[in-house]
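Participant: What shape does this take:
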Amino acid sequence: MISASDDWFDEAYYQRYYFDKKTSVVDPAHAERLGTFVGSYLKYLRVPVRRVLDMGCGIGLWRETVARHFPDASYHGVEFSEYLCERYGWERGSVVDYRSAEPFDFVVCQGVLPYLSPSDLKLALRNLGRLCRGALYVEAVAREDYERDIIDENLTDPRLFRHRAELYRRGLSENFTELGGGIWLSRKAEVPLFELERAGPG
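Facilitator: Numbering: from 1, shown residues only. Alright, predicted model coming up:
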């Protein structure tokens, strides 16, 4: 099995999943609620956010959220799609092997990981540990979500891998503590947590 190739993420893909209101997976109200939740919780935990990496930034939906909640932070978008990099000016790269001279305080990886094969997914999860020294937000549909029939398959790319949730959790737990709600805290972060703020054993 191989991961998604660059030619998947062309203009037609983004027209289908982002720009056409009839088939778009983008819900502005949902994005607003999510950004408010994540931004507010990081501020509650007192995670210092000065450098933000949006890994697989797409059309840049998180940029406004970052500007609103962390106005003094820099936002850096990295995207695998050559089409989007040309259109928006993002840096081209992959979560599997992207490197930075300095880690980031807050990393977003939304809707990216299910496009990766199992072997690439393991590399990506390990790489997120290198890229993040603070908080990580991950959104990825898992096989259990399909089994529980909570995925709208009319709006979901049928080419996604259906990895088990445990595969994601096992890879991330090497470098992060799960807090719930898709938020993970780097083990390098000097942020004290109450025991029940953790989603499971720390």
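Participant: Now the residue most central in space within the chain: phi and psi?
Facilitator: The chain has Cys109 as the residue nearest its centroid, 1.3 Å off, counting by Cα atoms, centre = their mean. Taking degrees, to the nearest 10, you get phi -140, psi 90 for the backbone angles of Cys109.
Participant: So it sits against Asn127, correct?
Facilitator: No - using Cβ atoms under 8 Å as the test, Cys109 is too far from Asn127 to be in contact (10.0 Å). C-beta here means a position set from N, CA and C on the backbone, and glycine is covered the same way.
Participant: Give the intersection of the neighbour lists for those two.
Facilitator: Val95 (Cβ atoms under 8 Å, 6 or more residues apart in numbering).
Participant: circling back: and the residue nearest to the centre of the chain, how far from Ile183?
Facilitator: From Cys109 over to Ile183 the distance is 12 Å, taken as Cβ to Cβ, to the nearest Å.
Participant: and if you look at Leu34?
Facilitator: In this view, Leu34 and Ile183 are 11 Å apart by Cβ to Cβ.
Participant: Would you map the strands across this structure?
Facilitator: Secondary structure of the chain, counting by DSSP state E: strands at 51-55, 74-79, 91-92, 104-110, 132-139, 176-180, 183-186.
Participant: now what about the last one, what contacts it?
Facilitator: Where contact means Cβ under 8 Å, 6+ apart, the residues beyond strand 183-186 that reach it are 38, 41-42, 45, 47, 129, 132-138, 172, 175-179, 191, 193.
Participant: 10 Å instead, please
Facilitator: By Cβ atoms under 10 Å, 6 or more residues apart in numbering, the list of residues contacting strand 183-186 from outside reads 37-38, 41-42, 45, 47, 103-107, 109, 128-129, 131-138, 169, 172-173, 175-179, 191, 193, 197-199, 202.
Participant: hmm, back to that, what is in contact with Cys109 and Ile183 at once?
Facilitator: Contacts common to Cys109 and Ile183, judged by Cβ under 10 Å, 6+ apart, are Leu136, Tyr137, Val138.
Participant: out of the residues you listed, who has the most neighbours?
Facilitator: With neighbours defined as other Cβ atoms under 10 Å, the most crowded of those is Leu136; it has 27 neighbours.
Participant: Quick check, that one in contact with Asp54.
Facilitator: No - using Cβ atoms under 10 Å, Leu136 is not in contact with Asp54, being 11.6 Å away.
Participant: which residues are common contacts for these two?
Facilitator: For the pair Leu136 and Asp54, residues contacting each of them under the criterion Cβ under 10 Å, 6+ apart are Phe104, Phe106, Val107, Val108, Cys109.
Participant: quick one: which of those is nearest Ser3?
Facilitator: Comparing the shared contacts of Leu136 and Asp54 against Ser3 with Cβ to Cβ places Cys109 closest, at 14.4 Å.
Participant: Good, wrapping up.
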